[in-house]
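Chemist: Coordinates for the following, if possible.
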Amino acid sequence: MKNIITILMLSMIATVSVRGGFASMYDYPEPKNNEVFIGHSCIEIPLNRILLIRKDSHYCALKFIRVWTEKGEKEKYAAYEVYFQGDGSGDFSKENITKNEEKASELPLKGPFRPFIYQPGNSYIKCGPFKLVWEYKKRVCFGPPDKGQGEFGFELAPTPWTEISQVNVFDLRVRWYRYDENRERVFIPIDRLWEDKGK
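Modeler: Presented below is the predicted three-dimensional model:
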């Protein structure tokens, strides 16, 4: 019996470790399709809305365009578009921005037990040189994969924008969030995100 309990405990620890130790450690409720979720370690935004990412003077604009499951929901996927502006200007109207279409995936764990267990797939989003933990469906965390929770200098900002031509990282309505273990989780309808920020 002790051996079984030990194996189960190791499996749970391995799951948290492999997935980066972010939102998977908590039983967060699922936001509605039109809601932004803001937690202490991650943000989730509705489909086809832009999430801004900032580290130092590098900026990303990320938009999830589709989420789905396969093989009896054991495999989870999210397709996204991502734009990277790394010249320090934050200007997404310039021709030097790069655009990529990517796919994040969360597949069943493999391996008999820790340290031989691993997470196949790409459970992260990639923007320029950066990777941030992704969790199904559209959740982006504040740190890179396999680093656990903590402050890594990344900031995220949910927006109601749908097109890259709308993006202005210096818009006063944009609110940037960093990792904050004391922040209470909130759910905000996307059409009320900037309700108190003026026009």
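Chemist: Name the residues of stretch 75-82 that are buried.
Modeler: By 16 or more other C-beta atoms under 10 Å, the buried positions in stretch 75-82 come out as 75-82. Heads up, the C-betas are built off the backbone N, CA and C, glycines and all.
Chemist: Quick check: closest non-adjacent residue to residue 182.
Modeler: Leaving aside its sequence neighbours, residue 182 sits nearest to residue 40 (C-beta to C-beta, 6 or more residues apart in numbering; 7.0 Å).
Chemist: sorry, back to before: including distance to residue 170 and pLDDT, could the buried residues of stretch 75-82 go into CSV?
Modeler: CSV is the format used below for these (distance: C-beta to C-beta, whole Å; pLDDT from 0 to 100):
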residue, distance to residue 170, pLDDT
75, 39, 96
76, 35, 97
77, 33, 98
78, 28, 98
79, 29, 98
80, 24, 98
81, 22, 98
82, 20, 98
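Chemist: thinking again about what came up before, for the residue nearest to residue 182, list the residues it contacts.
Modeler: 179-185 (C-beta atoms under 8 Å, 6 or more residues apart in numbering).
Chemist: Just the ones in helices from the buried residues of stretch 75-82, please.
Modeler: Using DSSP state H, no member of the buried residues of stretch 75-82 sits in helices.
Chemist: Give me the distance between the spatially most central residue of the chain and residue 150.
Modeler: Residue closest to the average C-alpha location in the chain (C-alpha atoms, centre = their mean): residue 140, at 0.9 Å. Distance from residue 140 to residue 150, counting by C-beta to C-beta, to the nearest Å: 16 Å.
Chemist: Over to residue 30?
Modeler: Counting by C-beta to C-beta, the gap between residue 30 and residue 150 amounts to 25 Å.
Chemist: can you check residue 136 too?
Modeler: 22 Å.
Chemist: and if you look at residue 43?
Modeler: Residue 43 is 16 Å from residue 150, where distance means C-beta to C-beta.
Chemist: Check residue 86 too.
Modeler: On the measure of C-beta to C-beta, residue 86 and residue 150 end up 24 Å apart.
Chemist: again, but for residue 119
Modeler: Look at residue 119 and residue 150: by C-beta to C-beta, they are 19 Å apart.
Chemist: Neighbour count for those two, which is higher?
Modeler: Set side by side, residue 119 and residue 150 show more neighbours around residue 119, with 21 against 12, by other C-beta atoms under 10 Å.
Chemist: secondary structure class for residue 165?
Modeler: When classified by DSSP: H, G, I helix; E, B strand; the rest coil, residue 165 comes out as helix.
Chemist: so what pLDDT did it get?
Modeler: Per-residue confidence at residue 165 stands at 97 (pLDDT).
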